[in-house]
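**Student:** Quick one, structure for this:
(chains A and B)
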Number of protein chains: 2
Amino acid sequence: MLKVPDHQVAGHKGRDGMPGPLVDDSGHFYKPLQDDDRGSNEVAFYKSFSSNTEIPDLVRRFFPIFYGTQLIEAADGSGLHPHLVLQDFVSSHLNPSIMDIKIGSRTWPPQASEDYIQTCLKRDRHTTSIALGFMISGLQVRGSQESETWKPDKKLVKKFTAKDVRLVLRKFVSTNTSVDTGMDPDCSLASTVYGGSAGILAQLLELKKWFEGQTIYHFYSCSVIMVYDKESVVKERNSGAEVKLVDFAHVSEGKGVIDHNFLGGLCSLIKFITEILTSSDEYEEAKASLQDPKKNCNCTD
Amino acid sequence: MLKVPDHQVAGHKGRDGMPGPLVDDSGHFYKPLQDDDRGSNEVAFYKSFSSNTEIPDLVRRFFPIFYGTQLIEAADGSGLHPHLVLQDFVSSHLNPSIMDIKIGSRTWPPQASEDYIQTCLKRDRHTTSIALGFMISGLQVRGSQESETWKPDKKLVKKFTAKDVRLVLRKFVSTNTSVDTGMDPDCSLASTVYGGSAGILAQLLELKKWFEGQTIYHFYSCSVIMVYDKESVVKERNSGAEVKLVDFAHVSEGKGVIDHNFLGGLCSLIKFITEILTSSDEYEEAKASLQDPKKNCNCTD
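**Tutor:** Numbering: from 1, shown residues only, chains lettered A, B, ... in the order given. Predicted coordinates:
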């Protein structure tokens, strides 16, 4: 049984004559191949990556598992269409909060055509890509109940400024701001979702280590997905936070050079998240200190 | 006594109506202020940086000491002209090999004008800046005697491809290739100049650590200078290798974001140098192994 996924936050959604993705209930995600070079390029990447024995397992887990391609009925009813069959990594999360972050200040490869460069450059200057080295492409943040989901419109997301990005990355791990945008985010989930040995920061740092050395692929216009389950955090103090890379239509050969464009953007995102953790630690410490009577008196015992 | 420096490998040299730099014999380097915003911008940077108490000493040593500005007779005899007075860090090297590497795949700040962006973009695409995240702007490599200096013409340097860059970074630390360009570089000085706790790689890694965190300045079109003394290496096994940052006419405010553009390019350069060290270690190990009779026989003692 194929159906339209509940939790897509960015990418094609069956508009502009392009069918949207589908999921089944066995954990597969069906992504329609784009008609032009992008489709064949993405298939080529998945084939190369999945058979490349030089990729460490610690890094492979950041990529959706690739199950090949399949001709299936397109979501828009337009007939049979080739799809990438991928791991549906969102399906294991009951009530997922998701963010899609396109990494890199440059979204075009060096060998791109003049026209393509100008189109990308214009877009990258009007988003935060050039200034921050990354841009938020989409997100949904769950409240304590499913009805309380904050999923800003794509057009709004595209207009995010550096200041908005800073705020949204805080809201993503807060429990007091899912719908109401006026409140100061409490970042009460930051230490569990971003922090800790299995948290998002630790995963991004692992990815960074790989990017400092790998010269096989350059990932243009590729996204980091951050996903976690708010309910699990509150109930079990375990967010199941995951980082995944998606969208490989513009991957090109590294030719012995590191992907300095992706790495730079990734380091910038890491800095943003580190700052949230640091300030929330300070907040926690300050709170703990207020609750510690010894620190709030002049006793000399 | 002011004179024209012996060892300038890149930058303005008193052409195109612009006076060149001067040095005195007390270790000062006089850099003429550029007439437009670039001159005042560079002075503003040096003033801000030299008075900024947040810069760790470990990082400050990578910048020339700033002694203020001074009105002096220009090198081209055009009359009094304001100059930056800086530390002449090359003068302490008797017989210096020098490389000037412009860091960053993007040489323009986000707020630049459309015209300026297009000019920079064109240049960055025709050099290795976009592909490698850095470009070599100039160099001189000393042979065992001063007469054996390899100092390729500026026009030739500008045309360096990725392959040339790889070769030149090897030739920079070789003793068999200063003039003859046909020989395979022996990289015999790599472990002393690039490697070791005081070598160039260690210094670049220290700089990298700072760039992963600092959000004060963004360094567009700024160069890393690598300098060492071939004679000292051969005689004392101590290269006195130094890394310095220069050219701050296009520094802009970081506004709380890391300089992902500089950091990415720096990481790419670090990777190039690491590879030379790794292959030269392998070479040294292979050589040592050949010289060790125990490793070349089937004896079982």
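**Student:** you'd agree residue A:115 is in a helix?
**Tutor:** Yes: assessed with DSSP: H, G, I helix; E, B strand; the rest coil, residue A:115 lies in a helix.
**Student:** give me every residue that touches it.
**Tutor:** For residue A:115, no contacting residues are found, by CB atoms under 8 Å, 6 or more residues apart in numbering or on different chains. For glycine as for every other residue, the C-beta is placed from the backbone atoms N, C-alpha and C.
**Student:** same question, residue A:261
**Tutor:** A:104-106, A:218, A:220, B:105, B:133, B:264.
**Student:** and chain A, which of its residues are near chain B?
**Tutor:** A:105-106, A:110, A:117, A:121, A:125, A:130-133, A:162, A:166, A:212-213, A:215, A:255-258, A:260-261, A:263-265, A:267-268, A:270-271 (CB under 8 Å from any CB of the partner chain).
**Student:** out of the contacts of residue A:261, who has the most neighbours?
**Tutor:** Counting neighbours by other CB atoms under 10 Å in any protein chain shown, residue B:264 leads the contacts of residue A:261 with 32 neighbours.
**Student:** Can you point out the buried residues in stretch A:149-165?
**Tutor:** A:150-152, A:157-158, A:160, A:164-165 (16 or more other CB atoms under 10 Å in any protein chain shown).
**Student:** Counting only strands, which of those residues make the cut?
**Tutor:** Applying DSSP state E to those, no entry is found in strands.
**Student:** rewinding a little: which of the contacts of residue A:261 sits closest to residue A:236?
**Tutor:** residue A:104 (34.7 Å; CB to CB).
**Student:** Tell me which residues touch that closest one, please.
**Tutor:** A:129, A:133-134, A:219-222, A:261-262, A:264-265.
**Student:** Let's see which of those residues end up in strands.
**Tutor:** A:134, A:219, A:222.
**Student:** Out of those residues, which is nearest to chain B?
**Tutor:** Within the ones in strands among the contacts of residue A:104, the smallest distance to chain B is 8.5 Å, found for residue A:134 (CB to the nearest CB).
**Student:** Can you name the residues bridging to the closest one?
**Tutor:** With DSSP bridges as the criterion, residue A:134 is bridged to residue A:103.
**Student:** residues contacting it?
**Tutor:** Residues near residue A:134 by CB under 8 Å, 6+ apart: A:101-105, A:128, A:224, A:265-266, A:268-269.
**Student:** Which single one of the residues you listed is nearest to chain B?
**Tutor:** Once CB to the nearest CB is applied, the member of the contacts of residue A:134 that ends up nearest chain B is residue A:268, at 4.3 Å.
**Student:** got the ones in strands among the contacts of residue A:104 as CSV, with pLDDT columns?
**Tutor:** Supplementary listing: the ones in strands among the contacts of residue A:104 in CSV, determined by pLDDT from 0 to 100:
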residue, pLDDT
A:134, 98
A:219, 98
A:222, 97
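**Student:** Tabulate these (TSV), appending distance to residue B:8.
**Tutor:** Converted to TSV, the ones in strands among the contacts of residue A:104 look like this (distance: CB to CB, whole Å):
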residue	distance to residue B:8
A:134	38
A:219	39
A:222	42
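**Student:** how about low-confidence regions in chain A?
**Tutor:** A:11-17, A:144-146, A:177-181, A:237, A:280-301 (pLDDT under 70).
**Student:** that older thread, just the ones of the buried residues of stretch A:149-165 in helices?
**Tutor:** A:157-158, A:164-165 (DSSP state H).
**Student:** And the residues you listed, which two are furthest apart?
**Tutor:** Pairwise over these, using CB to CB, the maximum falls at A:158 and A:165, 12.0 Å.
**Student:** helices or strands up against whichever strand or helix holds residue A:167?
**Tutor:** Taking DSSP states H and E as the criterion, residue A:167 maps to helix A:162-171. Contact partners of helix A:162-171 among helices and strands, from 3 or more CB pairs under 8 Å, 6 or more residues apart in numbering or on different chains; DSSP states H and E: helix A:129-132, strand A:134-140, helix A:260-291.
**Student:** what about dumping the CA coordinates of that helix to CSV?
**Tutor:** Output of helix A:162-171 as CSV, limited to C-alpha atoms (Å, rounded to 0.1, in the frame of the first residue of the first chain):
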residue,chain,number,x,y,z
ALA,A,162,20.2,34.9,9.9
LYS,A,163,18.3,36.1,13.0
ASP,A,164,15.3,33.9,12.0
VAL,A,165,17.6,30.9,11.6
ARG,A,166,19.0,31.4,15.1
LEU,A,167,15.6,31.6,16.5
VAL,A,168,14.2,28.6,14.6
LEU,A,169,17.1,26.4,15.7
ARG,A,170,16.1,27.3,19.3
LYS,A,171,12.4,26.7,18.7
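**Student:** quick one: that helix to strand A:134-140, angle?
**Tutor:** 40 degrees (axes from the mean of the first three to the mean of the last three CA atoms, to 10 degrees).
**Student:** just how off-centre is the helix or strand following helix A:162-171 within its chain?
**Tutor:** Using DSSP H and E, the next helix or strand after helix A:162-171 towards the C-terminus is helix A:190-193. For helix A:190-193, the gap between its own C-alpha mean and the chain's C-alpha mean amounts to 16 Å (CA atoms, centre = their mean, to the nearest Å).
**Student:** So for chain A, the centremost residue is which one?
**Tutor:** residue A:225 (1.8 Å; CA atoms, centre = their mean).
**Student:** What residue in the stretch 151-300 of chain A comes nearest to chain B?
**Tutor:** Counting by CB to the nearest CB, the stretch 151-300 of chain A gets nearest chain B through residue A:264, at 3.0 Å.
**Student:** Pretty sure that residue sits against residue B:263.
**Tutor:** Yes: Residue A:264 lies in contact with residue B:263 (CB atoms under 8 Å); the separation is 5.3 Å.
**Student:** Which strand or helix spans residue A:83?
**Tutor:** Residue A:83 belongs to strand A:80-87, assigned by DSSP H and E.
**Student:** OK, now which residue of the stretch 51-200 of chain A is nearest to chain B?
**Tutor:** residue A:133 (3.6 Å).
**Student:** in terms of contact, does that residue touch residue A:103 like I think?
**Tutor:** Yes: between residue A:133 and residue A:103 there is a contact at 7.4 Å, judged by CB under 8 Å.
**Student:** that older thread, quick check on the residues of chain A next to chain B: which are buried?
**Tutor:** A:105-106, A:110, A:117, A:121, A:125, A:130-133, A:166, A:212, A:215, A:257-258, A:260-261, A:263-265, A:267-268, A:270-271.
**Student:** which non-adjacent residue is nearest residue A:252?
**Tutor:** residue A:109 (4.6 Å; CB to CB, 6 or more residues apart in numbering or on different chains).
**Student:** ignore the last one, residue A:125
**Tutor:** Closest to residue A:125 by CB to CB, 6+ apart is residue B:110, at 7.1 Å.
**Student:** dump the residue contacts of residue A:157.
**Tutor:** A:136-139.
**Student:** Next, format the residues you listed as CSV and append neighbour count.
**Tutor:** Listed next are the contacts of residue A:157 as CSV, based on neighbours: other CB atoms under 10 Å in any protein chain shown:
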residue, neighbour count
A:136, 24
A:137, 22
A:138, 22
A:139, 22
